[in-house]
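Novice: kindly generate the corresponding structure for this input.
(2 chains)
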Amino acid sequence: MADFLLEIGLEEIPARMIADAMLELHRFVSDLLINERLLEDVERAGVATYTYASPRVEFFSTPRRLAVRVKDVALAQPDAKESLVGPSWKIAFPNGEPGPAAVAFAKKAGVEVSALQKIVNAKGEYVGATVERKGRAAAEVLAAELPKKILGLYWAKNMYWRAGKPERFVRPVRWLVALLDSEIVPLEIAGIAAGNVSRGHRILHGDAPVAIASPASYAEALRAAFVEPEVLARQNTIRKDLDRVTRSISETPSARLRRNEELVETVVHLTEWPTVLYGSFEAEYLALPEEVLVTVMRDHQKYFAVEDADGKLARHFLTVLNTQVDAEGEAIIRHGNERVLRSRFKDAQFFWETDQKIPLVERVEMLKAVTFQKELGSYHWKTEGNLTVVRALIAMVGSTSDVLVDEAALLKATELAKADLTAELVKEFTELQGIIGGLYARAQGLDEKVAAAIYAQYTPASTEDEIPVTVEGQLLAIADRIHTIVSMFEIGNAPTGSRDPFALRRAANGIVKILAESSLPLTLFDVLLATPTVAKGVHGFLTERLNFYLKDVCEFPYDVVNAVLASGADDVRDAIARAEALTAVRGSEDFVAISAAFKRIKNILRQAAEKGEIVPGVVAESALTQAEERELLAASTELAGRVGELRQLRNYSAALAAIATLRPAVDAFFDKVMVMAPYPELRAARLALIQSVLDGFSGIADFSEIVVA
Amino acid sequence: MSTVAIPPFSSLNATSGPATPLTFQELLFRLQKFWADRGCILQQPYDVEVGAGTMSPETFLRVLGPKPYRVGYAQPSRRPADGRYGENPNRLFKHTQFQLILKPPPENVQELYLESLAAIGIDLKRHDLKFEEDNWEWPAGGAWGVGWQVMLDGLEITQFTYFQQCGGLDLDPMCAELTYGLERIAAFLQDVDSIYDIVWARDPRTGTTVSYGDVRLAEEVQFSVYNFELAEVDKLWEHFRLYEAEAQALLEKAGVLLKSEETSAVEKRRFPLLATYELALKCSNLFNLLDARGAISVTERVGVIARIRALAVGVAKAYAVQQAG
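Specialist: Okay, here's the model as predicted:
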């Protein structure tokens, strides 16, 4: 047994790609070692190979390296016996003596003719040979197999660098370490031969080689060269340092860090030896909207924001360095970062002031020069379209409910919603579109409802994001999205497979989420009807997104979702309520029986239809002959009324509880009654009976969809 | 082809740093000297309007084909829409790139780059340096590459690109393109908040300084006025059409000539593709001017870019054939 270490030294890997690459590398190495019988692994039993990562494989990464270390790798594959099957016995041994075929087979298998055996299998008698396979040395297997695996790693964007373009990888490979204990594994990747020398931090360690004596000493050797190879260790250091440095801000004693896990994840993969430093900016910039300041700090500079005791943004930031410096160095680096931030804020301030010279109202006309979509028109055209949809939605909401819509504010917000696309500040910070429009509306003295609706029009940006708070914001957000979806479908830009260049799925997810979490009295179909034209496929597309929402966001079991959607998929909140109720009773004994019965009913009806049987609309009670069927008819008729009432009240738990009481009658029916009776009249009556049971109780969900374990 | 590392060079021991930071022109001298000492030829700025150092034929055409090449040059780069009448301290209509092409790049190209920072007085032991992913493309030139923006204390000081394609052609060998933003770096070294306050030159005898503003402010103001207000749209279009027509005509000739087996090698070599490329560059600059004037509607935009692309890519393809012939 030996420990194995592989380190791939690279030029800086894009931070966003490292985590996924590590997981894949981990799996590749686990799979290879296990499949090549170099690593025993009891835990793997029953786990699909391609998703497996052995716990004995540890991984490391920094921007300049990916590494794996495996404990207890066999130095060689165990020898194995292999049984080979050759030609038919009769042909190989005519008259019981070995013929040419037997000799050839023995030669091919590498055994004496006398060692050949007779094998009897289902097809007949054959010649067999048992061959000893010598296990290959681990070093040999790794050198032969691992490079191919490594070069097969997936990268979102890769490059070639050697003349003749023999391989593509994320960035040039610059060194390799491959060791089995202290022995170098002679593998080669992209023209680089493996050795036992790594590299340290570019600046803190410099170009001096870093010798790796053995896999066990890998992390320690790197730490001595100012590289922390463990991702989690860097993450901990960064988290702790962020807190420590925040507490040390003397100008704002009660300063608090604005936590941002996503940013931590990024800087973890941008550093080999992280330390944290804080800097400050002039209080005058706090007059700029917080959204702008935070975007500059977080997205453009990868800084963490800090707030004061009241939760207001403070005039400080934290930056994670990829180095460790003395006090003089800290002063220099702090000064440099402050300088950059100041100039960015100054830019933002300049744009903000420039933008105020033309109010939003005057910018609407300028939208004629901003393309929404080449084949469709400008954002001015888009604004007109949104207005049409919004007017239709107002009419629907106004006539059906007591949700109060400020019609004038909503129309104004819709008219101005896209005007910020012409603003300099939005050109600079495209991710703040909508938000900036809202802020400008407020700054320009427009009604707060108008400003809030413009501000929130692009929310929810994801399924985790909040929906707009105001009714006007919700309606604008829905109108904007459905108009985009329908327009794009019309010109053939519907998403296909994994391709969704216009993010229409995300747009539709937003509509579903708003309908689910607001109190708007609108169904998916209403939303669709509000658009001036109807494009083919949009309704199905919205239903598919509802399906996604119920399964992936609400996490209802898939069979419950299928059952619920089969009974109506238009009213989002109603579908959620039905799914909740059904999930609660799904495993109960009565419901398992009911589901089975409904499946049976459906099968019988399907088979009957295939045979051309006509199912009457009314049950001919007089034709029924057995007590069990009369009983079922009575029970179901009585129950259907009650269930209908409960359903009307949307009391789905009670309705489902009531349906469960039907079980004895149903069980007895299927126990004693044969639906496909020989007499046509009786058969028709029975078919009508089960059809009426099916129809009467499928309004909440199609129980036949429920999968019984 | 093997990529041989350029040995580290220690004669320029700038890490101790001069007492006063480098002037704008000294910064350029240092970079030129540093790379000349490592085998690069130094070119002068290309004398046709370009938006970036990449568009100079020293990059755009030299990267094509198998012939190794190492060149460095400062390139004034015009972006008419970025002009701010000299009022914004961080934005310019015309900025200066120091552009370096290493074809093929030596294996230690990143380390050499770090040495070049030391050569301009940056003590990396007291700074924070990161290579952050930043990929580059110029669709109109059919060119793209992967690489990084080099961040020094939060400031992007260099664009480092491994060029993969140019003129729609795979580059083999590929090359490294290093683009130093000279104004930014100078403002950083001199610790000034406005580009216009950068010391351009200092008289060594009297200590009198000339600022960036002294040298360039008038140009920024006047070109902002021209680019945004006075450039005549009709004339610009007319110029565009004339240059485009001439370039197209030459490209057609080149197509026939380079394909023909009757043309002699000498004739092929003397065909003026370099001049054709200049005409394409003229179109590109006129497009930028028209854009700054707000004269290109968004619907037109894609079409005009495609016309420039046809010229630039057309030249690149013909040039590759000419070089191979």
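
Novice: now A:Lys107: which helix or strand?
Specialist: helix A:100-109 (DSSP states H and E).

Novice: what helices or strands is that helix leaning on?
Specialist: strand A:80-88, helix A:89-92, strand A:124-133 (3 or more CB pairs under 8 Å, 6 or more residues apart in numbering or on different chains; DSSP states H and E). Heads up, the C-betas are built off the backbone N, CA and C, glycines and all.

Novice: how about the first one: buried residues?
Specialist: The one in question is strand A:80-88. Going by neighbour count (16 or more other CB atoms under 10 Å in any protein chain shown), the buried part of strand A:80-88 is A:84, A:86.

Novice: any weak-confidence spans in the chain?
Specialist: By default, I'm working from chain A. A:41-54, A:399-401, A:709 (pLDDT under 70).

Novice: was after chain B, sorry
Specialist: Residues of chain B that meet the cut-off, pLDDT under 70, sit at B:1-19, B:297-299.

Novice: and the residue of it nearest chain A?
Specialist: Proximity to chain A, evaluated over chain B using CB to the nearest CB, is greatest for B:Asp153 at 3.0 Å.

Novice: which strands and helices lie in contact with the strand or helix carrying A:Glu140?
Specialist: Using DSSP H and E, A:Glu140 falls within helix A:138-151. Using 3+ CB pairs under 8 Å, 6+ apart, the elements in contact with helix A:138-151 are strand A:2-10, helix A:15-35, strand A:173-180, strand A:188-189.

Novice: and the contacts of the second one?
Specialist: Among residues not part of helix A:15-35, those counted as contacts by CB atoms under 8 Å, 6 or more residues apart in numbering or on different chains are A:4, A:6, A:13, A:39, A:41, A:44, A:49-54, A:56-57, A:59, A:61, A:63, A:66, A:68, A:70, A:73, A:142, A:145-146, A:149-150, A:152-156, A:170, A:231, A:265-267, A:269-270, B:132-133.

Novice: quick one: buried residues of that helix?
Specialist: Neighbour counts over helix A:15-35 (16+ other CB under 10 Å) mark A:15, A:17-18, A:21-22, A:24-34 as buried.

Novice: strands along the stretch 301-450 of chain A, start to end?
Specialist: A:304-307, A:313-321, A:371-373, A:377-378 (DSSP state E, counting those that start in this stretch).

Novice: if you compare those, which one is most tucked away?
Specialist: strand A:313-321 (a mean of 24; mean count of other CB atoms under 10 Å in any protein chain shown).

Novice: partners of that one in the sheet?
Specialist: strand A:275-280 (antiparallel), strand A:304-307 (antiparallel) (DSSP bridges).

Novice: residues contacting B:Trp144?
Specialist: B:135-138, B:164-165.

Novice: quick one: it is in a helix?
Specialist: No. The assignment for B:Trp144, made by DSSP: H, G, I helix; E, B strand; the rest coil, is strand rather than a helix.

Novice: residues in contact with B:Ser56?
Specialist: Counted by CB under 8 Å, 6+ apart, B:Ser56 has contacts B:43, B:45-46, B:50, B:73, B:75, B:99.

Novice: export those to TSV and tack on secondary structure and distance to chain A?
Specialist: Shown next, in TSV, are these (DSSP: H, G, I helix; E, B strand; the rest coil; distance: CB to the nearest CB, whole Å):
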residue	secondary structure	distance to chain A
B:Gln43	coil	24
B:Pro45	coil	26
B:Tyr46	coil	27
B:Val50	coil	23
B:Tyr73	strand	24
B:Gln75	strand	23
B:Gln99	strand	20
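
Novice: noted, bye for now.
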